[in-house]
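Colleague: A structural model of the following input is requested.
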Amino acid sequence: MVVEVVHVSFLETLDRATDAMTVRTVYGEPIERNGMMVVPVAAIVGGGGGGSGEAPDGKGSGSGGGFGLRARPLGALVIRGDEVVWRPTVDVNRMILGAQVVAAIALLTIRSVVRARSR
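Modeller: Modelled structure (predicted):
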C-alpha cells in the first residue's frame, strides 16, 4: 500500500474551508415538482485553527492545522406561485432530549414535595 503525504498550506486550507461554506451549502439545490419549488435550508457552523512551533534548542519543529464543519437541517422554503411558506424541520432527537429534561425536573420536584410532606 502506498500512502501519499500531501502538504497543504494554511492559506490553501482556509480557501477550501471558505469554499465549503457557500450559499449553496446553506440553501441546497432547489427541487421543482408539479409547479412547486422546494429549497432546503441548513445551518452551517465551521471553525479552524493552525499552529507551528520550534524546539528551544532549534533542533525540532512542527506545525499543524485543522478545520471542522457542522451542518444541521433547519427546514425548507416551499414556493408555489407567488406564495412562499417556511416548513421547519422536526428534530426528533432534540424533542426527545427536551422531554427527558422536563421529565427529570418533574420527578425531582415531585420527590421534593413528597419528602417535605412526609416530615
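Colleague: If you drop the residues flanking it in sequence, what lies closest to the residue most central in space within the chain?
Modeller: A centroid search over the chain (C-alpha atoms, centre = their mean) returns Arg70, at 3.0 Å, as the residue closest to the centre. Distances taken as C-beta to C-beta, 6 or more residues apart in numbering put Val45 closest to Arg70, at 4.9 Å, once the chain neighbours are dropped. Using the backbone N, CA and C atoms, a C-beta is placed for each residue, glycine as well.
Colleague: does that neighbour belong to a helix or a strand, and which?
Modeller: strand 36-54 (DSSP states H and E).
Colleague: Touching that strand from outside, list them.
Modeller: The contact list for strand 36-54 (C-beta atoms under 8 Å, 6 or more residues apart in numbering) reads 10, 13-14, 17, 20-21, 25-32, 60-80.
Colleague: what's the angle from the helix or strand following that strand to strand 36-54?
Modeller: Of the helices and strands lying after strand 36-54 in sequence (DSSP H and E), the nearest is strand 61-80. Orientation note: strand 61-80 sits at an angle of 170 degrees relative to strand 36-54 (axes from the mean of the first three to the mean of the last three C-alpha atoms, to 10 degrees).
Colleague: Low-confidence regions, the protein specifically.
Modeller: Low-confidence segments of the chain (pLDDT under 70): 1-11, 13-14, 17-24.
Colleague: care to break it down by domain?
Modeller: Per the record, the chain has its domains at 1-88, 90-119, by automatic domain parsing.
Colleague: Need the winner for burial among these.
Modeller: domain 1-88 (a mean of 11; mean count of other C-beta atoms under 10 Å).
Colleague: what separates that domain from the chain centre, distance-wise?
Modeller: 10 Å (C-alpha atoms, centre = their mean, to the nearest Å).
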